[in-house]
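Student: Pasted the sequence and its predicted model underneath.
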Amino acid sequence: MWAAAPFGMKQGLRGRSRRGRKHIHDEQIHGPLPRRPGLAVDCSPWWIVKYNYRADPILGGTLAYWQRKRAGRAMPTRRDIDPIEIPKLLPHLQLIEVVGERFRYRLIGTALAQAFGRDYTGAYPEEVSNAERAEAVCRIYRLVQEKRQPVFLRSSYVGAKNVDLMVNRLYLPLSDDGDTVNMILGCLTFEFLQPLADAWGSAERALFGSDVEMVEVSEGPTPSSGS
């Protein structure tokens, strides 16, 4: 089961950015950044992700589990992911199925459903978010699919006045044949900068910007995690 534990607020773990990785300009993913009064916008040519997701017990634990399950292959299969092995990670996970040129949420963890405001299992991105947010996340899914490589995404969302929510997302490719990505394993954590007036999935909540990093993975074994 993917519903395993109650959802709680999570504080961020910040660290030094890793130079030498591929960094993708936000405008390539989301289009021009919105300018909102009172909100600072980083207009540097390239975004540098400063969040230490590898030290995060949820995000880093998921990455280590995926790395261990791929066992030297390009990526694991869906069958390799055993929920019984990762009970502490389950509330933060989602499985995204590639359906032609679209993406469908096959399984949603309880933490995601609670933060979003409802369980969106079985839905497509365009059915649960406005057009801008749906297209932004689908571009990330396509990046994972095309590169066959994990992607880390740190996004800020704005409410009525200020940025009040940070969402950290790690997307990892899965493949049944070892070549074509037919599913994506997602792991999400949330940082609440102030009490939210509405849920993450609310139509009133706008995407403010994102930092994107292609995740480098090692060829050697990784320690077990997530139990």
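Tutor: Yep, it's here.
Student: quick check: longest helix of this structure.
Tutor: Looking across the chain with DSSP state H, the single longest helix is helix 131-147.
Student: what sits against Tyr157?
Tutor: Taking Cβ atoms under 8 Å, 6 or more residues apart in numbering, we find Tyr157 in contact with 163-167, 200, 205-208. C-beta coordinates here come from the backbone N, C-alpha and C atoms, glycine included.
Student: biggest separation within the residues you listed, which pair?
Tutor: Distance extremes for the contacts of Tyr157: the farthest pair is Met166 and Ala206 at 14.0 Å, using Cβ to Cβ.
Student: What is the end-to-end distance of stretch 199-209?
Tutor: With Cα to Cα, to the nearest Å as the measure, stretch 199-209 spans 18 Å from end to end.
Student: What backbone torsions are found at Val167?
Tutor: phi -120, psi 120 (degrees, to the nearest 10).
Student: Please report how far it lies from Phe152.
Tutor: 12 Å (Cβ to Cβ, to the nearest Å).
Student: Compare those two (neighbour count), which wins?
Tutor: Neighbours per residue (other Cβ atoms under 10 Å) separate Val167 from Phe152, with Phe152 holding more: 23 against 18.
Student: May I have the beta-bridge partners of the nearest residue to that one once chain neighbours are set aside?
Tutor: Take Phe152 and drop its neighbours on the chain: the residue closest to it by Cβ to Cβ, 6 or more residues apart in numbering is Glu213, 4.7 Å away. As for beta bridges, Glu213 partners with His23, Phe152 under DSSP bridges.
Student: and Glu213, how many neighbours does it have?
Tutor: 23.
Student: Surely it touches Val151?
Tutor: Yes. Glu213 lies in contact with Val151 (Cβ atoms under 8 Å); the separation is 7.1 Å.
Student: Report how many residues lie close to the nearest residue to Leu93 once chain neighbours are set aside.
Tutor: Ranked by Cβ to Cβ, 6+ apart and with sequence neighbours excluded, the top spatial neighbour of Leu93 is Gly109, at 4.8 Å. Neighbour count for Gly109, taken as other Cβ under 10 Å: 27.
Student: Give the helix, strand or coil label for the closest residue to Glu132 other than its chain neighbours.
Tutor: The shortest distance from Glu132 to any non-neighbouring residue, by Cβ to Cβ, 6+ apart, is to Leu207 (6.6 Å). Using DSSP: H, G, I helix; E, B strand; the rest coil, the structure places Leu207 in strand.
Student: quick one: low-confidence parts of this structure?
Tutor: 1-49, 160-161, 196-198, 200, 202-205, 219-227 (pLDDT under 70).
Student: about what we covered before: what sits against the residue nearest to Glu132?
Tutor: 30, 132-133, 136, 155-157.
Student: Dig out what the residue most central in space within the chain forms beta bridges with.
Tutor: The residue lying closest to the centre of the chain (Cα atoms, centre = their mean) is Arg169, at 2.1 Å. Arg169 forms beta bridges with Leu153, Leu188, as assigned by DSSP bridges.
Student: so what's it up against?
Tutor: 140, 152-155, 186-188.
Student: same thing but at 10 Å, please
Tutor: By Cβ atoms under 10 Å, 6 or more residues apart in numbering, Arg169 lies in contact with 53, 59, 92, 94, 137, 140, 151-155, 186-190, 210, 212.
Student: what's the spacing between it and Ile184?
Tutor: According to Cβ to Cβ, Arg169 stands 11 Å off from Ile184.
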